[in-house]
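>>> sequence unknown, structure follows:
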């Protein structure tokens with residue numbers, strides 16, 4: 001029997017349609033409605049846990065609605081915001097490509113949410129309840145917060161995490177699947193350190209990096 005997609009150690013006994021893979025009962029219990037965007041009719045869902053997750057999501061939906069993200073007022077038009085978002089998404093992309101942590105769009109979404117809850121809602125989140133990705137994001141936050149606060153107000157830094165959550169909502173699920181956002185980062189996000197190089201995109205959307213010939 002195939003091993004669990006999450007832990008890679010125990011046998012996978014349950015097929016999880018949102019991630020299109022097999023997981024073990026323990027990882028199912030730990031990740032349902034937290035790191036997995038569970039189907040409402042899943043027989044393994046607990047009613048109380050499902051309702052709690054939905055109530056929290058409604059709260060964050062209101063927070064996200066307050067963040068300018070329209071065609072003309074998007075906070076991503078702000079250079080400092082775009083640079084901060086780029087740093088975070090590059091970090092996430094590298095983790096996804098490396099594959100040392102099994103992540104999905106939902107897990108990234110929840111990690112952004114936990115960072116916001118901890119640093120902008122001042123909620124206490126016990127360390128043993130944090131997944132590996134969230135721990136790494138919190139480390140990234142601690143390493144960069146001084147620079148971010150130099151460039152913008154703290155409230156706007158919080159808005160960046162909410163705006164990234166909006167991006168995931170727009171790019172994940174449906175025909176895009178549970179990896180729509182991550183695959184977008186993988187396929188479209190390039191390193192900014194391209195000294196003496198430039199990106200060429202053909203008519204099919206394929207991107208290649210070319211070097212500048214020096215005399």
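Now that the structure is in, tell me what you want to look at. This structure is a prediction, so every number in the text was calculated from the model and none was measured.

>>> Going along the chain, name the helices of this protein.
Using DSSP state H, the helices found in the chain span residues 25-31, 47-65, 79-98, 105-120, 132-151, 154-171, 180-188.

>>> can you tell me which residue is nearest the centre of this structure?
Centroid-nearest residue in the chain, with C-alpha atoms, centre = their mean: residue 108, separated by 2.7 Å.

>>> can you pull the contacts of it?
92, 133, 168, 181, 182 (C-beta atoms under 8 Å, 6 or more residues apart in numbering). (C-beta placed from N, C-alpha, C; glycine too.)

>>> Now with 6 Å, please.
residue 92 (C-beta atoms under 6 Å, 6 or more residues apart in numbering).

>>> which of the helices of the chain has the lowest average pLDDT?
The weakest mean pLDDT among the helices of the chain belongs to helix 47-65, with a mean of 78.

>>> Generate a markdown table for the helices of the chain, with distance to residue 71 as supplementary columns.
Output for the helices of the chain, formatted as a markdown table (distance: least, C-beta to C-beta, whole Å):
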| stretch | distance to residue 71 |
| --- | --- |
| helix 25-31 | 35 |
| helix 47-65 | 16 |
| helix 79-98 | 15 |
| helix 105-120 | 23 |
| helix 132-151 | 24 |
| helix 154-171 | 13 |
| helix 180-188 | 19 |
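
>>> out of the ones you listed, deepest packed?
Among those, ranked by average contacts under mean count of other C-beta atoms under 10 Å, first place goes to helix 105-120 (a mean of 22).
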